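Peer 1: Quick one, what's the 3D model for this:
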Amino acid sequence: MEKKDVPHRGKGGRPAKNDTASNCIMVRFSNEEYAHFLTLFEQSGIAAKAVFIKARVFDDTFRVVKTDRGTLEYVAKLTQFHAQFRAVGVNYNQVVKELHTHFSEKKALALLYKLEKITGELAAIGKEIIALSEDFNKRW
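Peer 2: Next up is the predicted model:
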């Protein structure tokens, strides 16, 4: 029997690389050295230890990104405060509208005077927050 003419198929899989990295070097660290290595590795932000080691051996530059927990908390609180500040502004408009609708002119003016005092305190707190944020921005 003769074999049928079957089309030739490739091996499959991904194509082979032109320059394979087949040479391997092993390094052993003491416990202190390994702890220092891990600290540097984590600060680098690189995903793989091998890539980090290659970068150090061949003097490639890489950036170190440090996150400050205090800074993150400050920004989160400031964002939260901004949302509350906007909510106060919306409520302020609604209160003024309702005062004019349900109270006499004299009573509404008396209540608006009290609201104006409290608004002045809120504005002073807002200025204080802006000053703190500018100071924070200068430091960091």
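Peer 1: When you work out contacts or count neighbours from here on, use the C-alpha atoms and nothing else.
Peer 2: Will do.
Peer 1: Grab the nearest non-local neighbour of residue 55.
Peer 2: Excluding the flanking residues, the one nearest residue 55 by CA to CA, 6 or more residues apart in numbering is residue 61, at 7.1 Å.
Peer 1: How is this structure divided into domains?
Peer 2: Under the assignment automatic domain parsing, the domains of the chain span 19-66, 69-139.
Peer 1: roughly how far out does the first one sit from the chain middle?
Peer 2: Just to be clear, that refers to domain 19-66. When distances are taken as CA atoms, centre = their mean, to the nearest Å, domain 19-66 is centred 25 Å away from the chain's centroid.
Peer 1: cool, and the longest one?
Peer 2: For domain 69-139, the gap between its own C-alpha mean and the chain's C-alpha mean amounts to 26 Å (CA atoms, centre = their mean).
Peer 1: Residue 11: which element?
Peer 2: For residue 11, there is no helix or strand it lies in under DSSP states H and E.
Peer 1: So it versus residue 20, what's the distance?
Peer 2: For residue 11, the distance to residue 20 (CA to CA, to the nearest Å) stands at 18 Å.
Peer 1: repeat for residue 136
Peer 2: Residue 136 is 50 Å from residue 20, by CA to CA.
Peer 1: Looking at those two now, which is surrounded by more residues?
Peer 2: Legend: neighbour count by other CA atoms under 10 Å for residue 136 and residue 20, higher for residue 136 (12 against 7).
Peer 1: Which pLDDT value goes with that one?
Peer 2: Note on residue 136: pLDDT of 80.
Peer 1: That one: what secondary structure?
Peer 2: Judged by DSSP: H, G, I helix; E, B strand; the rest coil, the three-state class of residue 136 is helix.
Peer 1: Residue 25 now?
Peer 2: Residue 25 - assigned by three-state DSSP - is coil.
Peer 1: Any idea how many residues pack against it?
Peer 2: By the other CA under 10 Å criterion, the neighbourhood of residue 25 contains 4 residues.
Peer 1: quick thing: my sequence starts at 24, can you match it?
Peer 2: Sure, I'll start counting at 24 from here, so that last one is residue 48.
Peer 1: what phi and what psi does the backbone show at it?
Peer 2: When read as degrees, to the nearest 10, the backbone of residue 48 gives phi -120, psi 140.
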